[in-house]
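K.L.:
Next input, structure requested:
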Amino acid sequence: GTRAELWLPVAEMPAVAQAAPPPATARGQGGALRILFVDDDALIAMSSVDLLEDLGHHVIQAGSGQQALEVLQGDAPIDLMITDYSMPRMNGGELSRRARELRPGLPILLATGYAELPEGASLDLPRLAKPYMQRQLAEEIARLGL
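P.N.:
Residues are numbered from 1 along each chain as shown. Below is the predicted model of the structure:
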């Protein structure tokens, strides 16, 4: 039997709830973006989508490169694509090249656990190292000027 006691000082003033700042809505000024997030790992995708939505963004999720291309072939507005590098059948490098054929000016952020990309994967894309925190995700999006 362990017994623990917690002693707290009596508050001098009543507690005041702080209102959360309203989410940004103006695109291009740190506001809500329409982001296509691509990752074949369901747990990573789920947590990353939550992080992005908590930042106020609207997220379309794709579980493969092929699914992402189907979204990009449609008319859904996309401000940014964030893609994993290591995926079966179509890696993030190939997806990025094909995405730029469909949408030439599309900003792309490559999320990868690789310190260096594999041999022959010469990509001139900004990278976000896995694992990442919400702050790092927001900083990388801001560096893209979005």
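
K.L.:
would you list every one of the strands in the chain?
P.N.:
34-38, 58-62, 80-84, 108-112, 127-129 (DSSP state E).

K.L.:
I'd say residue 85 and residue 110 touch.
P.N.:
Yes - Residue 85 is within contact range of residue 110, at 5.7 Å (criterion: Cβ atoms under 8 Å). The C-beta positions use only the backbone N, C-alpha and C, and glycine is treated the same way.

K.L.:
Identify the contacts common to those two.
P.N.:
Residues touching both residue 85 and residue 110 by Cβ atoms under 8 Å, 6 or more residues apart in numbering: 92, 93.

K.L.:
Okay, now the unreliable bits of the protein?
P.N.:
Scanning the chain with the threshold set as pLDDT under 70 gives 13-30, 114-123.

K.L.:
which residues in it form helices?
P.N.:
Using DSSP state H, the helices of the chain run over 42-54, 65-73, 92-102, 134-143.

K.L.:
Format the ones you listed as TSV; extra columns: mean neighbour count.
P.N.:
Listed next are those as TSV, based on neighbours: other Cβ atoms under 10 Å:
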stretch	mean neighbour count
helix 42-54	15
helix 65-73	18
helix 92-102	18
helix 134-143	15
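
K.L.:
quick one: which of these is nearest residue 125?
P.N.:
Nearest of the helices of the chain to residue 125, taken as Cβ to Cβ: helix 92-102 at 6.1 Å.
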